[in-house]
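**Q** 3D, please:
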Amino acid sequence: MTAIELHLNGKRQCSVGCADGTVDVHVFCGGARSRHKNPSAGYTGFLVGGLDSVRDEQLEWIAGELAAGDEVLLRILKAPRSDPPRKRTPGAGQRAAKELMVRRLAKELGWSIRTK
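**A** Numbers count the residues shown, from 1 in each chain. Below you'll find the predicted structure:
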């Protein structure tokens with residue numbers, strides 16, 4: 001299988017791959033985080049995740065913040081296996097996962113949910 005090995009500042013963080021799905025490595029930066037307790041001028045971070053198509057699960061290996069001067073290295077390799085994901089959550093196609101997401105977002109936004 002094709003795998004992606006991620007290094008941060010010279011230190012190996014994880015090796016990720018999914019024979020029956022996809023793997024995504026996101027590096028991003030955004031504007032001010034004013035909705036948080038400690039507003040900042042901006043946010044830079046990374047997320048390594050994916051989708052197991054057979055199990056219909058979202059996968060997450062690692063996520064974190066980055067600072068000026070950090071170096072992220074991705075190495076593409078062939079490997080018989082990868083590190084297991086740190087987290088597996090039901091895919092969006094499942095009702096329970098959708099309900100959980102709505103309840104989490106409602107709580108985050110200070111909304112209440114009324115059911116019939």
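**Q** Model confidence for the closest residue to residue 8 other than its chain neighbours, exactly?
**A** In space, and not counting its chain neighbours, residue 8 is closest to residue 72: 5.9 Å by Cβ to Cβ, 6 or more residues apart in numbering. Any C-beta I mention is one placed from the backbone N, CA and C, and that applies to glycine too. pLDDT, residue 72: 95.
**Q** phi, psi of residue 72?
**A** When read as degrees, to the nearest 10, the backbone of residue 72 gives phi -110, psi 130.
**Q** That one touches residue 66, doesn't it?
**A** Yes. Counting by Cβ atoms under 8 Å, residue 72 does reach residue 66; the two are 7.2 Å apart.
**Q** quick one on the thing from earlier: the residue nearest to residue 8: how many residues sit nearby?
**A** 13 (other Cβ atoms under 10 Å).
**Q** Find the residues that touch each one of residue 72 and residue 66.
**A** 27, 46 (Cβ atoms under 8 Å, 6 or more residues apart in numbering).
**Q** give the contact list for the residue nearest to residue 8.
**A** 6-8, 27, 46, 66.
**Q** Pick the one among these closest to residue 15.
**A** residue 6 (7.7 Å; Cβ to Cβ).
**Q** What about that closest one, how many residues nearby?
**A** Number of residues near residue 6 (other Cβ under 10 Å) recorded here: 20.
**Q** Quick check: which ranges of this protein have low pLDDT?
**A** Along the chain, segments meeting pLDDT under 70 span 32-41, 92-95, 97.
**Q** At which residues are the strands of it located?
**A** 2-8, 11-16, 21-30, 43-52, 57-65, 72-78, 87-90 (DSSP state E).
**Q** Dump those strands to TSV, plus distance to residue 115.
**A** Output for these, formatted as TSV (distance: least, Cβ to Cβ, whole Å):
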stretch	distance to residue 115
strand 2-8	42
strand 11-16	39
strand 21-30	33
strand 43-52	30
strand 57-65	25
strand 72-78	44
strand 87-90	21
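**Q** ranking the contacts of residue 72 by neighbours, who comes first?
**A** Within the contacts of residue 72, neighbour counts (other Cβ under 10 Å) peak at residue 6, which reaches 20 neighbours.
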